[in-house]
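Novice: Need the 3D shape of this:
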Amino acid sequence: KNKQFVSDRFGEVDVDYPTNISELELTTRKDGFADTQLLWRPPNGEVIPTNYVLRVDWPVAIGGTVVDADGKPVAGAKVGWNNPDDPSIVKTPQNHHFQWIETTTDDSGKWRINRMAEETIPTIYGSASHSNYVATGLVFAGRDPAVEKQLRDGTHVFHLGRALTVRGIVVDGAGNPVADANVMVGYMSTSEKRTGKSQGDGTFEIAGCQPGKQMVTAEAKGFAATTVEADLAENAEPIRLVLTAGKTLRLRVVDSNGTPIPGARVWYDCINQRYPETNILVQVDFTPTTDKDGRAVLTNAPDVEMNMTAYATGFLRTSDIMVRPDNEEHLITLQTALVVHGTVCDQTTGERIPKFRIAQGWPVVNPITHTTNANWSTIGRFWLDYSGGAYSHTFEEGVLGGPNNPGYILKFIADGYTPFVSRVIAADEGDVELNVTMHPAAVTTVSVNRPDGRPAALADIGLAFPGAKLALGRGGFPHENVQVGGTLLRTDAGGSFVLQPDAAIIKVIAASPDGYGEATPAALAVNPVIQMQPWGRLEATVFSGGKPVGGREYGLAFADVPTETMGFEFDSSRVTSDAQGKIVVDLLPPGRLNLIRHYPIDHGWSDGNKTPFDIKPGETTTISLGTSNYTVTAHVTWPAGLERKPDWQISAAVHTPTPAIPPEVMTNPAAMKELMATEEFKTFQKNARQFQATINTDDTISAEEVAPGDYELGIYVFSHPTDNSFKQIALGSMKLTVPADPPSGNLDAGTVEMKAAPPMQ
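Specialist: This next block holds a predicted model:
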């Protein structure tokens, strides 16, 4: 339960709490001081002290203005901020992590917050909203140095969008108006939703709605809720919502022995879209607790397939339970939760380690090399702190969400010790005793210097290891988009950080708006200093047919670092040529990079050719794209009995031929890993090129900007999916060579004979 306590004039406060408490969290909140969190978990061996002296820090004030679509100030707008719950940075028992700080604009549209610690500012994200306007998108201080400066200066401007009034009518199946129906525009899970009620004649008006495609829902007593997708616009036709009698959904939650589970929670997931995407998720709030017989009932349920999640204390959460209301009782069986327990000791002395952490992860298997990496969670509840050298934890949910739990990998972390990584522990192992011994190892205090030699305070530190998935943004690592837990640190006010011993770490990267630097752990053990260098800059011009071309999309990547280890943050890495064919990218790290062509496809993009280039510290690199290339064309023929259908999905590309892989290696993970490590495959992966091809309705194929070299044209045909899977229909390929002289031209590769795809094994 949440309680509020107020300190007296001496700064003292008495906090009372139950003796059997599982967690005690206290947060100071007072304007003019930085919010400070205290956290203890007694079941994990942490002792809540009887007296604690909390020294609060001075905050950093941020502020700005909220205006409407016409630039006029908006009074009464809400401005709220949060910061990521990064468990590898947030320490216990005392830290400056906060969970939403909100304020309201004054009559002139201005706002100010003075409750955030200096260290949190680079990671905060927030937005502005008002019931009469469309809310702003999220703003991330760490993605753009200019935004952080505006917030600190109090000059940042939030622009609210112009909203619409949605009108319509709610009727029953016979066309009679339904009064007092609850009407909602948007998803019930979002703060941007707008609500209202139908009048006596069934009509409704709801103001403050966002234009574009929106879900509109109506529900009333005695009817099932109905949801339609409407394209909201000015002067649009009124929306007609028809309510009909629903059906009864009956659920019973039991354990593996069939024994009812009272007090289990069941949740209808009307948030996460399942395939196919054309389905409309009826917005219904159904989150019951089962009765003494394990039962839960929803009357007047919509006659649609509903996706349920069920969970209970001592049992493993189960999701993606698809049921349809039919008045029949549907059984949901929960598996007993996994329990892992043991001791954590010093390998040399045998004594218990007094304080340690356990990071939870799940196994990730590379489909090509068949190697297994651990993906460590970025969510705070999956990082456990223990005291006293012993631990016990009940795993009631998978670290990786979804219906299939791949199991758990546990990483034991303690200051001054090499991390211990467990085997994969299956979710159905029941009770597991895992006693851990950890090897003592020296920690390294590393100093980071800016390009001018001054200490780099609050710089981002990225720890690169296989599977780390570091994402470099503009001037640092965005903390709100961390893919793997434990990969980011930050220097302190003096520009230093502590590097714990970990043999998995390949490289340590320091990044901030001031510069970029990197070093290996071995080098830091000898000289614990990372010297930053100035960022570089890229200027590129894109040509096609000898003329500059705009609208070409590209992405950035490191040339010599695997993408599973480190890449560029998604939004920061995508660039598009302007009308003059120009691309300009600043804040690029020194080293060898790739510019990769992106071809838009349904629900995403396909990667094409990559152009390598070098960035030097503080300098601008200039390149031209498409000046030495060919347009490759070919014609497709279909075998008898296999006629092309309009709904087939066809992909084609001109690409560097993949080295042959013996059939016996394909099914042998160890042999595949060995093959991937050969120089032949390393060279292939480094130098491979791919050029997306377009297949036309007349069965001709063309690929542009193909550089000189030996290639293979591959064509793959899939049926239009009716569920979550694709069925391969046909495939075809041919070898071709693009000459280097002349440097550009047209190459007719001839005819590609398609063949029916072999049956799936």
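Novice: Let me know the next secondary structure element after the host helix or strand of Glu680.
Specialist: Element membership for Glu680 (DSSP states H and E) is helix 679-687. Per DSSP H and E, the first helix or strand lying C-terminal to helix 679-687 is strand 690-695.
Novice: neighbouring strands for that next one, and are they parallel or not?
Specialist: Within its sheet, and counting by DSSP bridges, strand 690-695 is paired with strand 649-655 (antiparallel), strand 700-706 (antiparallel).
Novice: Alpha carbons only: can I get the first one in CSV?
Specialist: So the one you mean is strand 649-655. The C-alpha coordinates for strand 649-655 follow below in CSV (Å, rounded to 0.1, in the frame of the first residue of the first chain):
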residue,chain,number,x,y,z
GLN,A,649,4.9,-12.5,-52.3
ILE,A,650,8.0,-12.4,-54.5
SER,A,651,11.4,-11.3,-53.4
ALA,A,652,14.5,-11.1,-55.6
ALA,A,653,18.0,-9.8,-55.1
VAL,A,654,21.4,-9.8,-56.8
HIS,A,655,23.9,-10.9,-54.2
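Novice: which other residues reach it?
Specialist: 601-602, 606, 608, 632, 688-695, 701, 703, 706, 711-720, 726, 736 (CB atoms under 8 Å, 6 or more residues apart in numbering). In this view, the C-beta of every residue, glycine as well, is placed from N, C-alpha and C.
Novice: can I get the strands paired with strand 690-695 in TSV with distance to Asp269, mean pLDDT and mean neighbour count?
Specialist: Formatted as TSV, the strands paired with strand 690-695 follow (distance: least, CB to CB, whole Å; pLDDT from 0 to 100; neighbours: other CB atoms under 10 Å):
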stretch	distance to Asp269	mean pLDDT	mean neighbour count
strand 649-655	28	88	20
strand 700-706	42	88	21
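Novice: Dump these into CSV; add distance to Met116 as well.
Specialist: Formatted as CSV, the strands paired with strand 690-695 follow (distance: least, CB to CB, whole Å):
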stretch, distance to Met116
strand 649-655, 48
strand 700-706, 48
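Novice: Compare the ones you listed and report which one is nearest to Ile505.
Specialist: Minimum separation from Ile505 across those (CB to CB) falls at strand 649-655, 33.5 Å.
Novice: immediately after that closest one, which helix or strand?
Specialist: In N-to-C order, the element after strand 649-655 by DSSP H and E is helix 663-666.
Novice: Give me the helices and strands touching that following helix, please.
Specialist: helix 669-676 (3 or more CB pairs under 8 Å, 6 or more residues apart in numbering; DSSP states H and E).
Novice: Buried residues in the helix it packs on, which are they?
Specialist: Buried positions in helix 669-676, judged by neighbour count with 16 or more other CB atoms under 10 Å: 672, 675-676.
Novice: and which of those residues is nearest to Ser108?
Specialist: Closest to Ser108, out of all of those and judged by CB to CB, is Met676, at 62.1 Å.
Novice: how near is that closest one to Ser256?
Specialist: Separation of Met676 from Ser256 (CB to CB, to the nearest Å): 41 Å.
Novice: returning to that earlier point: weed out the non-buried ones from the contacts of strand 649-655.
Specialist: 608, 632, 689-693, 695, 701, 703, 706, 711, 713-718, 736.
Novice: so who does His393 touch?
Specialist: 339-341, 358, 384.
Novice: Dump the residues you listed to a markdown table, plus secondary structure and neighbour count.
Specialist: Shown next, in a markdown table, are those (DSSP: H, G, I helix; E, B strand; the rest coil; neighbours: other CB atoms under 10 Å):
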| residue | secondary structure | neighbour count |
| --- | --- | --- |
| Val339 | strand | 15 |
| Val340 | strand | 20 |
| His341 | strand | 14 |
| Ile358 | strand | 21 |
| Leu384 | strand | 17 |
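Novice: any chance of the residues you listed in JSON lines, with pLDDT too?
Specialist: What follows is the contacts of His393, written out as JSON lines (pLDDT from 0 to 100):
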{"residue": "Val339", "pLDDT": "97"}
{"residue": "Val340", "pLDDT": "97"}
{"residue": "His341", "pLDDT": "97"}
{"residue": "Ile358", "pLDDT": "96"}
{"residue": "Leu384", "pLDDT": "92"}
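Novice: wait, what's in contact with Val282?
Specialist: 217, 225-227, 270, 302, 304.
Novice: what's the answer for Asn176, then?
Specialist: Counted by CB under 8 Å, 6+ apart, Asn176 has contacts Gly202.
Novice: May I have the phi/psi pair for it?
Specialist: In terms of degrees, to the nearest 10, the main-chain angles of Asn176 are phi -80, psi 140.
Novice: doesn't Ala525 fall inside a helix?
Specialist: Yes - applying DSSP: H, G, I helix; E, B strand; the rest coil, one finds Ala525 inside a helix.
Novice: Low-confidence ranges, the stretch 151-300 of the chain, go.
Specialist: Applying pLDDT under 70 to the stretch 151-300 of the chain flags residues 273-279.
Novice: now Pro43, what's its secondary structure?
Specialist: Going by three-state DSSP: Pro43 is helix.
Novice: What pLDDT does the model give it?
Specialist: On the pLDDT scale, Pro43 is placed at 89.
Novice: With the one 5 residues further on instead?
Specialist: In this prediction, Ile48 carries a pLDDT score of 92.
Novice: again, but for Ala135
Specialist: Taking Ala135 on its own, its pLDDT is 94.
Novice: Could you tell me how many residues sit around it?
Specialist: 21 (other CB atoms under 10 Å).
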